[in-house]
Each structure stands twice: as C-alpha cells, then as structure tokens.
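Visitor: After the sequence you'll find the predicted model.
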Protein chains: 2
Amino acid sequence: MGANEDGPQQPDPRLRGPAKRTAVATEERPDSCCPYYHEAIELIGRRWTGAIVGVLIHRNSLRFGEIADAVPQLSDRLLSERMKELEARGVVRRTVHPGRPVRVEYELTEMGSALAPAVRELERWAQRWLA
Amino acid sequence: MGANEDGPQQPDPRLRGPAKRTAVATEERPDSCCPYYHEAIELIGRRWTGAIVGVLIHRNSLRFGEIADAVPQLSDRLLSERMKELEARGVVRRTVHPGRPVRVEYELTEMGSALAPAVRELERWAQRWLA
DNA sequence: GCCTACACTTACGACAAGTAAGTAACGAAC
DNA sequence: GTTCGTTACTTACTTGTCGTAAGTGTAGGC
C-alpha cells in the first residue's frame, strides 16, 4: 500500500472539464496541524490492526492462536499479514520458541505499548456512545 | 520455488481436514474486555474516516471542499461516501445552506466531539513515535 | 500409520477503494 | 447568450484489499 511517488509526472492543471480536485499528485501536507496523525491512522487504522493492538495491550504476551481466539472474526490469513506489518513497523516483537509444534509469542514494543492511552480513550468513547 | 510440478490439483476424494479455526460461525465475543471497542474500530477505523474526524475536531465546521483540501489524498467520491456514513451513524451533522452554488456544512455532533480525547492521544503518539 | 496442534501459505472470488469524468444550478464574464 | 467557474456531489470503470477455505511442514501421541 505504499503509494509510490511519481516524480516526473506533471498533471496538466488546465485540462478541459469541470474543476478537478481529486488526489493531487504533489506531496501536500495531509493536515496542517499534525501530519503524523495521518500516518498513525494509516498504520493502526487498517482493518483489524486496532483490534489486535487492543488485545495485546490488555494481555501482555500472546501466541498466534490466542490472538485469533480473542478476535474470532479475524482470519488466519489477515492475522498473519497484520502481524508481519506491525513487526516491520516496530509496534510488536515476535519471538519464536522452538518446540514440537513451534510456538510464537507476540508482544508490544515500547512503541506499541505507548498506544495504550489512545486505545483506552477509544474504549471509553465506545463504552459511552456505542453501549 | 520449484517444488510444484502437479499443476492443477485435483480435489482428492479423502480430504483430511486440518484444524480449521477461521471465522467460526457461532456467535463469539469479539473481545473479552470491551466488545464496543471493536465496533468503534469498525466505525472510525475505516479508510479516511479517522482523518476526517481529526480535521473536524480541530476546525469546528467545514464545507465539503474544505475537508477535501485538508485531506488532499482523499477523493471526492470517498469523501462523499464517508460523510454519508458518518452522518448516518450520528457522528457528524450536515447542514445545507441554499445559495447559488449550494453550500453544505459539516460539523461534529456531541458523539463526534467526544472522540477528541482519543484523537488527541493518537496525535500525541504519532508525534512521539512517527516524527 | 494416522491423527492432531500450531503457525502459517496459497488460491481465488467478492467487495472496498482509487481514478477520471460528468451533472445541476446559478452568477459573472465575454 | 454562450461559455466559464464554483460547489457538492454521481457515475463508470480499474485496481487493490479482504474473506473464506483449503494446503503445508513438523513432531508428539495413540
């Protein structure tokens, strides 16, 4: 999903037709106040990612199957994909325990644990307005 | 790579079922601690929704084009779709000002404004860990 | 020998998102 | 009096992500 920058491509601003505003290619600030907020949304706002982080915040260290059990609607395929992403982004740490059926443990890094206040606020909001 | 030589695999008459866990149909709890958190994630975790809410939190009332300008990568099509969803969910209020080019204003409802603490915490996290 | 548990992969159809262009209403400009 | 520009959307089509189901590899237990 990494949007590749197309540098030399210059869209003609004076094309015929109605005013087009859609998806300007030039790298604009997503938001005047906090450009990183956008990045955060793209990271943990992805499908199931917020749920996974939420589960890991409440229970320190979990195995693959335990996360799958905690979020039953989430399939193995996406869980595996999301965990790889979160690991690559530095949000979770993956530890492999070599054994008979191999055991893999996932836990939040410092970066991931720092999401706790945001998750807590969202939980509070959900409890109040969706209950 | 080259461990595959059979091409199209015929459905074997005696398929053994490996332990399947994916998406159990029985109505399970999504999460033991806070089932509404999931719902919240599904609501504001949708693509661009968090960004839109974030913009509306910082500037009280905005017109369609102003939101589009604030989130330049978001297309008109999705903006329109997301605003309809948010209105239907009671997060934003839509006001039409009849004029020559009709003006539409969007503002957060009480429910929407209550997301401010969560947004603020996420912004803080983003500033600290993504900057 | 066969089954089971675990942590994934692979395949593919369905659906959501991205991109481009069009519409309606009206005022101002030419 | 036709064209241009603005605003807030639709519509049409392509691309990408997600959901569902099944397969993989290894080792312990029956």
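Guide: Right, received. Where do you want to start?

Visitor: Just give me the residue right at the centre of chain A.
Guide: Of all residues in chain A, the one closest to the mean position by C-alpha atoms, centre = their mean is residue A:44, 2.5 Å from it.

Visitor: pretty sure that residue is touching residue A:114, no?
Guide: No: Residue A:44 lies out of contact with residue A:114 (C-beta atoms under 8 Å); the separation is 11.5 Å. All C-beta atoms are positioned from the backbone trio N, CA, C, and that covers glycine.

Visitor: Past whichever strand or helix holds residue A:37, which element shows up next along the chain?
Guide: Following DSSP states H and E, one finds residue A:37 within helix A:35-44. Using DSSP H and E, the helix or strand that directly follows helix A:35-44 along the chain is helix A:49-58.

Visitor: How about that next one and DNA strand D, any contact?
Guide: No: shown here: helix A:49-58 not in contact with DNA strand D (C-beta under 7 Å from any atom of the strand), separated by at least 8.2 Å.

Visitor: Let's see that helix as PDB, backbone CA atoms only.
Guide: The C-alpha atoms that make up helix A:49-58 are tabulated as PDB, following Å, rounded to 0.1, in the frame of the first residue of the first chain:
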ATOM      1  CA  THR A  49      -4.900  -3.700  13.400                       C
ATOM      2  CA  GLY A  50      -6.600  -1.700  16.100                       C
ATOM      3  CA  ALA A  51      -8.300  -4.800  17.400                       C
ATOM      4  CA  ILE A  52      -5.000  -6.700  17.500                       C
ATOM      5  CA  VAL A  53      -3.200  -3.900  19.300                       C
ATOM      6  CA  GLY A  54      -6.100  -3.500  21.700                       C
ATOM      7  CA  VAL A  55      -5.900  -7.200  22.600                       C
ATOM      8  CA  LEU A  56      -2.100  -7.100  23.100                       C
ATOM      9  CA  ILE A  57      -2.400  -4.100  25.400                       C
ATOM     10  CA  HIS A  58      -4.700  -5.900  27.800                       C
END
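
Visitor: ok, is that helix in contact with DNA strand C or not?
Guide: No: when contact is scored as C-beta under 7 Å from any atom of the strand, no part of helix A:49-58 falls within range of DNA strand C; the minimum is 12.4 Å.

Visitor: so what secondary structure elements neighbour that helix?
Guide: Based on contacts counted as 3 or more C-beta pairs under 8 Å, 6 or more residues apart in numbering or on different chains; DSSP states H and E, the elements that helix A:49-58 packs against are helix A:35-44, helix A:64-70, helix A:76-89, strand A:103-108, helix A:110-113, helix A:116-129, helix B:35-44.

Visitor: what's it in contact with?
Guide: A:43-44, A:62, A:67, A:70-71, A:74, A:79, A:82-83, A:85-86, A:91-92, A:106-108, A:112-113, A:115-116, A:119, A:122-123, B:30-31, B:33-34, B:37-38, B:41, B:45 (C-beta atoms under 8 Å, 6 or more residues apart in numbering or on different chains).

Visitor: next one: stretch A:80-95
Guide: Stretch A:80-95 has contacts (C-beta under 8 Å, 6+ apart) with A:43-44, A:46, A:48-49, A:52-53, A:56, A:64, A:67, A:104-109, A:111-112, A:115.

Visitor: list the buried ones in it?
Guide: By neighbour count on 16 or more other C-beta atoms under 10 Å in any protein chain shown, the buried set for stretch A:80-95 is A:82-83, A:85-86, A:89, A:91-93.

Visitor: what is the mean pLDDT for that stretch?
Guide: When the per-residue pLDDT values of stretch A:80-95 are averaged, the result is 97.
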